[in-house]
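Peer 1: Give me the fold of what follows.
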Amino acid sequence: MKNRKLDAEQVWKDFEDLLAPQLSFSLTDRVVYSHLLRHSRLEGKLHFRFSIPWLSRGIRLSPRAAREAVRRMIARGVLRLVERNCQAHHVVRVLLPGEVPALRPAKTAAPDPARTACDFSFGETDFWRAHSLRRAIHARERGRCFYCLRKLIRRRRCLDHVVPRAQSGRNSYRNLVSCCLDCNSNKAERSAVEHVRWLYRDRRLSFDELTGRLRALDALAAGKLIPPLPGQGDNGSDGSKGKVVRK
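Peer 2: Below is the predicted model:
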């Protein structure tokens, strides 16, 4: 599949002036994105197949560093994962700076107090990047596992990607939940809906709790479960019982 002819000079300016600064690219991120862009979109390839060893050799970094950078690119929406097979080959679409959702101008809408309270785009914020933001996700669930509703203690809780990172799941508040270690391990790469249904079949959730968890997943995806921002109190949007977890 071919893509339209690109203005390489403008793409590079957008990369240097917009994409890299706004997404806080590390030097490794810059090298990986540039290398993949050069071999894909700049050569007219909308989809590009590559392996981690090939990428590692091309940028002269370790396979681990290359793999972690690719995962970051996928999580940030810079790479769109099309296919991944057992031979560790990836098929991706490398998004141009203007195609990355995090850099698209927001649609005009009524002011949202949760958004205007901070100086970043709330919906595109990486909630994994800072301790205060990760704590906000835990606070939103009010000390309960999002999936099984078990009461959590600090050393037995973690954050889970509802849509796994391997499937292009992002670090948005719409895709991160506080959960117990058992749910994090048992869910693995399956969908969150499949996991909560499994909990019901295993009699860890009642029918009413299953219904509530499915509704909570819908609300999460719709952006309705907004975590309390640093400096604000808990908004209680999850509807779960229990006390707010504080550190």
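Peer 1: pLDDT below threshold where in this protein?
Peer 2: Along the chain, segments meeting pLDDT under 70 span 1-4, 85-88, 102-124, 168, 229-247.
Peer 1: okay, now the domains of it?
Peer 2: Following automatic domain parsing, the chain resolves into domains at 8-101, 111-221.
Peer 1: Those domains: which one's closest to Pro228?
Peer 2: Closest of these to Pro228 is domain 111-221, at 5.5 Å (criterion: C-beta to C-beta). For the C-beta atoms, the positions are set from N, CA and C on the backbone; glycine is no exception.
Peer 1: residues near the closest residue in space to Gly77 that isn't next to it in sequence, how many?
Peer 2: Nearest-residue entry for Gly77: Pro101, 5.1 Å, with adjacent residues in sequence omitted and distances by C-beta to C-beta, 6 or more residues apart in numbering. Close neighbours of Pro101, defined as other C-beta atoms under 10 Å, add up to 13.
Peer 1: Can you give me the distance of Pro101 to Arg76?
Peer 2: Distance from Pro101 to Arg76, counting by C-beta to C-beta, to the nearest Å: 9 Å.
Peer 1: what sits against the residue most central in space within the chain?
Peer 2: With distances taken as C-alpha atoms, centre = their mean, the residue of the chain nearest its centroid is Arg170 (1.1 Å). Going by C-beta atoms under 8 Å, 6 or more residues apart in numbering, Arg170 touches Ala75, Arg76, Gly77, His161, Val163.
Peer 1: out of the residues you listed, which is most surrounded?
Peer 2: Result: Arg76 is most packed of those (other C-beta under 10 Å), 22 neighbours.
Peer 1: Assess the claim that it and Leu23 are in contact.
Peer 2: Yes: contact criterion C-beta atoms under 8 Å: Arg76 and Leu23 qualify, at 5.6 Å.
Peer 1: and the gap between Leu159 and Trp128?
Peer 2: Leu159 is 7 Å from Trp128, by C-beta to C-beta.
Peer 1: Identify the contacts common to those two.
Peer 2: In contact with both Leu159 and Trp128: Arg134, Leu176, using C-beta under 8 Å, 6+ apart.
Peer 1: Report all helices and strands that the longest helix anywhere in the chain contacts.
Peer 2: Longest helix of the chain, by residue count under DSSP state H: helix 207-221. For helix 207-221, the contact count by 3 or more C-beta pairs under 8 Å, 6 or more residues apart in numbering; DSSP states H and E identifies helix 192-201 as packing neighbours.
Peer 1: chain center to the helix it packs on: distance?
Peer 2: Distance of helix 192-201 from the chain centroid (C-alpha atoms, centre = their mean, to the nearest Å) equals 21 Å.
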